[in-house]
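Undergrad: What follows is a predicted protein model with its sequence.
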Amino acid sequence: MWRVMRKFSVNALKLSSLCSQHVCFRKPEVMVLSVTQQNSSERNYSSPPGDVKSLRSVINPHISRIRNIGIMAHIDAGKTTTTERMLYYSGYIRTLGDVDDGDTVTDFMVQERERGITIQSAAVTFDWKDYRINLIDTPGHVDFTVEVERCLRVLDGAVAVFDAAAGVEAQTLTVWRQADKHQIPRICFLNKMDKNRASFTYAVESIKQKLKTKPLLLQLPIGEAKTFRGLVDVVTKEQMIWKPTSDLDDGRFFEQKPLLESDDPSLFQEVQDARNTLIEQVADLDDEFAELILGEYSENFDLIPSDKLQSAIRRVTLAQKAVPVLCGSALKNKGVQPLLDAITMYLPAPHERSYEFLQWYKDDDLCALAFKVLHDKSRGPLVFIRIYSGSLKPQSAVYNINKSCTERMSRLLLPFADQQIEIPSLMPGNIALAVGLKQSATGDTLVSSKASAVAAARQAGRSAGGEQRNTGDIESLLLAGVEVPEPVFFCTIEPPSMAKQQDLDNALSCLQREDPSLKVKIDPDTGQTILCGMGELHIEIIHDRIKREYGIETYLGPLQIAYRETILNAAQATDVLDKVVGDKRHFVTTELEVRPVSGERTVTKPIIEYAQSVIEVLPKELQEAIENGITNSCVQGPLLGFPVQDIDVTVQSLTVHPDTSDTMISACISRCLQKALKKAGIQILEPLMSLEITVSEDHLSAALADLAQRRGSIQEIQSRQDNKVVIAAVPLAEMMGYSTVLRSLTSGSATFTLELASYQALNSQEQSALLQRRMGLV
């Protein structure tokens, strides 16, 4: 496979233009031809052909002209292709890469290029019209949701990309909810408008219905599917038309001119109606704009200046009351330049976002968040950091609040996917890579010194009403970590020989630091190393990376399902522990009662209660020992050793000899609880997955028949243009290798997404079959 190698020109002569303050840049030669209201003209959004900007030319403007954005979407909506076009039109790459050819900038991993999907988020920095854009391209596959989560944590805005033929899809909902959680303003880009069955109206309606948000139509397409050739800016009533001269046309030049009624009367009326609707929508959401149009512009909405309308749209977007909607086709090089303009115009600058933890730090005090770690063979760990306040310079020491340690960073690097360039400093609002941080991991908060952290903690304590708290409690309030979902797939991993065990442990340690959703644990019974991940693809990628990057040929055992155990009935048990250790006698008698917890919500930890006779005489120091014993006993159930959930434990009686240690009390409680659980009757719970399949009507019956064989229950079948969307609940144990089966059943046309919904009880037949398999009888 031919790979397109990009050269990032770093000329030593250009270094002389370094600014005295921090970062260097040379003024890029950007040719922009003006667009007049009367005459049609062509606009060039990039440097002349052949002149690729150096990374050193990235501007370092005022914080108000910085945009930290993420590209998020369902798998295969066109995120990476859109990012590639942005880099091309901003002048930072010479040629347009293609996902299918495996030569895009942000999909640089071997696994990404082989599969044509994004696996890990990639950061790039570029400038557009005197704005600096720090952009992160995120994965769309559900197995890599944590990549989206930790990137959204540090971003100020996001572009949600949609397939115009499919509208809102399963993973779109997931990433949209993640953006809601972090309160991130976003804009929507309806991509693939050139695709067969693309429908602007359908996509907008699905955004409105499924995402429960208010779309603001800032553009209307000129044509759809094969006839798509341009778009109309509803705010300025200008049309932008791409007239490719050949298949190799890169879309850099397009015609922009005012839309006149004589050009297309029906389109003109449609745009006029859309603009009036947009004005009414914005006026309902923004009081300042409402006063403006009710005053001097109440008679004629056409007289409202574009800049006034754009300012109001920006206020509404930042307040997250609505989302601007744009359209285009990244693959066909249409609509990307207006999207870049919209990013700078409507998404927030870093100082326009409010972060609660920043109020405890002074303006010049460093506060940064480490949100991602990569391992480089020559440089060691590279830590992505977002700086919220203060500044950073190479060779400076930082204090990690999470790890309670001071570290020194040796260098600061500007990221451009897998390329980096050294920078002399980092100012607030930016994202960069730090070299030399050995302890820092995802979610760690970095400050200038321990004294700075303590001062911020005191300030937080004073603001909390003067309550006296210890420093550790207050520091925990200041942290801004990343939530990592629980793993759902488990398998064993073995090295080719014991001589390679240490190398495998080191590789897994590095991969865990890079990927918080990967968990590694040792089975206490078998001594095997167990990989815990987010899905089959996740585990497959980890296995492949260990082989390619670390040169270890490992073997994976069968994937294990994370079952749970619960009880069917209430039961009581008593236990007596009487041991003499040294010259001390340890004597404990206890009686416990267990009951199943009823209700829709799952209770993962045991609910612990005490009988009135116990609570009256129980010393508080013994309560922790009792609760430790109960909690530890629930980690491994009595039937198959899976965690126990949905139980209520009541301590009915407890007698303790004065010399008895807490460890002995916990051991007695734990043993007694195991007896009670066995008496109560154990029920195995299995993970139930929410499955969404998008399949053509021709293959619908085959897909449904296959689901019936997998103990699946169909919840809903929706129509999405010519396709059917099947929403079902299926046990995870039945979904092994499902992607291969579904592809063969549907000739590769169907797609599906899978995520954990809940746990459900196994029927008696399935439970006995599982017991036989676990005991090796089958």
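TA: That came through fine. Every value quoted in this text rests on a predicted model; they were computed, and no experiment measured them.
Undergrad: going forward, measure contacts and count neighbours with C-alpha atoms only.
TA: Fine.
Undergrad: Tell me where the stretch 101-250 of the chain has strands.
TA: 122-128, 131-137, 157-163, 186-191, 215-217, 219-222, 230-233, 238-241 (DSSP state E, counting those that start in this stretch).
Undergrad: what's the answer for the stretch 501-650 of the chain, then?
TA: Listed in chain order, the strands of the stretch 501-650 of the chain (DSSP E, counting those that start in this stretch) span residues 519-522, 529-533, 555-556, 560-561, 564-567, 571-581, 584-596, 607-610, 647-656.
Undergrad: Would you list the strands that the first one pairs with, along with their directions?
TA: Take DSSP bridges as the rule and strand 519-522 pairs in its sheet with strand 529-533 (antiparallel).
Undergrad: And for the last one?
TA: Next to strand 647-656 in the sheet, as set by DSSP bridges, lie strand 584-596 (antiparallel), strand 607-610 (parallel).
Undergrad: Identify all contacting residues around that strand.
TA: 566-567, 587-597, 603, 605-611, 613-614, 665 (Cα atoms under 8 Å, 6 or more residues apart in numbering).
Undergrad: residues contacting residue 321?
TA: With Cα under 8 Å, 6+ apart, residue 321 has these contacts: 213, 214, 285.
Undergrad: Quick one: buried ones out of those residues?
TA: 214, 285 (16 or more other Cα atoms under 10 Å).
Undergrad: okay, which residue is most central for the chain?
TA: residue 148 (1.6 Å; Cα atoms, centre = their mean).
Undergrad: Can you check which of the strands of the stretch 101-250 of the chain gets nearest to residue 508?
TA: Distance to residue 508, taken as Cα to Cα, is lowest for strand 122-128 among the strands of the stretch 101-250 of the chain, at 21.3 Å.
Undergrad: just checking, what packs against that closest one?
TA: Judged by 3 or more Cα pairs under 8 Å, 6 or more residues apart in numbering; DSSP states H and E, the packing partners of strand 122-128 are strand 131-137, strand 411-416.
Undergrad: In a markdown table: those, plus mean neighbour count, distance to residue 330 and mean pLDDT.
TA: Output for those, formatted as a markdown table (neighbours: other Cα atoms under 10 Å; distance: least, Cα to Cα, whole Å; pLDDT from 0 to 100):
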| stretch | mean neighbour count | distance to residue 330 | mean pLDDT |
| --- | --- | --- | --- |
| strand 131-137 | 24 | 14 | 91 |
| strand 411-416 | 23 | 20 | 88 |
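Undergrad: and the ones you listed as a markdown table, adding distance to residue 331?
TA: Below are the helices and strands packed on strand 122-128 laid out as a markdown table (distance: least, Cα to Cα, whole Å):
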| stretch | distance to residue 331 |
| --- | --- |
| strand 131-137 | 16 |
| strand 411-416 | 21 |
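Undergrad: In the stretch 251-400 of the chain, where is pLDDT below threshold?
TA: The stretch 251-400 of the chain contains residues with pLDDT under 70 at 357, 362-363.
Undergrad: Swap in 50 and give it another go.
TA: By pLDDT under 50, the stretch 251-400 of the chain has no low-scoring segment.
Undergrad: Once you drop chain neighbours, what's closest to residue 516?
TA: Leaving aside its sequence neighbours, residue 516 sits nearest to residue 484 (Cα to Cα, 6 or more residues apart in numbering; 6.7 Å).
Undergrad: Same check on residue 183?
TA: With Cα to Cα, 6+ apart, the residue lying closest to residue 183 is residue 320, at 7.7 Å.
Undergrad: what's the single longest helix in this structure?
TA: helix 265-285 (DSSP state H).
Undergrad: which is the next helix or strand following it?
TA: Later in the chain than helix 265-285, the nearest helix or strand by DSSP states H and E is helix 287-294.
Undergrad: ok so, going back, pretty sure the residue nearest to the centre of the chain contacts residue 139?
TA: Yes: the pair formed by residue 148 and residue 139 meets the contact definition of Cα atoms under 8 Å, at 6.8 Å.
Undergrad: Now do the helices in the stretch 601-750 of the chain.
TA: Shown for the stretch 601-750 of the chain, the helices assigned by DSSP state H, counting those that start in this stretch span residues 612-617, 620-635, 662-680, 700-709, 738-745.
Undergrad: what would the ones you listed look like in CSV with mean neighbour count, distance to residue 346 and mean pLDDT?
TA: Output for the helices of the stretch 601-750 of the chain, formatted as CSV (neighbours: other Cα under 10 Å; distance: least, Cα to Cα, whole Å; pLDDT from 0 to 100):
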stretch, mean neighbour count, distance to residue 346, mean pLDDT
helix 612-617, 12, 60, 83
helix 620-635, 18, 50, 89
helix 662-680, 22, 58, 93
helix 700-709, 15, 42, 92
helix 738-745, 15, 40, 78
